[in-house]
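In: Model the following, please.
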Amino acid sequence: MGGGITVSKDDFEFSAAFNPRVKKFARALFKLNGTQAYAAFCSKIKDFSLACAYRYYGQDESTAGVNRDFRYKESRSIKAFAHLVSLTLTYSFSKGKQTHHDEPMLYEAPADNGLGTFNSVVKP
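Out: Residues are numbered from 1 along each chain as shown. Have a look, this model is predicted:
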């Protein structure tokens, strides 16, 4: 059982999540998952956004099983990917048809068909 939180303020956002070590039982198998954690900070300035994230993947995950016919044990430990840091820069642009909204978009007419002059396509 884990949890997460996201906090936003203006053009900034912080996210964090955590999953503790988990034990699972499935008939004759016993599985032990490692701890996982995530934290990210994002900022948006005009058409650019910058994000920095940190991920921790738990180590020493194992699966074991004992039955009268067999014994099974598997252990995984990927040390190279335990701590991952990423930096992302994104540029957003718009291309194509745009709509222009000059008038109020809410009409209180008894026979409104949803079409109006406010949805006209802007031509270059």
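In: for this protein, what spans make up the helices?
Out: In chain order, the chain shows no helices, with DSSP state H as the criterion.
In: Name the spans of it whose pLDDT lies under the cut-off.
Out: 98-124 (pLDDT under 70).
In: ok, 80 please
Out: 1, 26-28, 58-60, 67-68, 76-81, 94-124 (pLDDT under 80).
In: Report the central residue of it.
Out: Nearest residue to the geometric centre of the chain (CA atoms, centre = their mean): S15, 9.2 Å.
In: ok, that one touching A39?
Out: Yes - if you go by CB atoms under 8 Å, S15 and A39 touch, sitting 7.1 Å apart. Any C-beta I mention is one placed from the backbone N, CA and C, and that applies to glycine too.
In: quick one: the strands in the protein?
Out: For the chain, applying DSSP state E gives strands covering 3-9, 12-19, 22-26, 29-33, 36-45, 48-57, 61-66, 71-76, 83-91.
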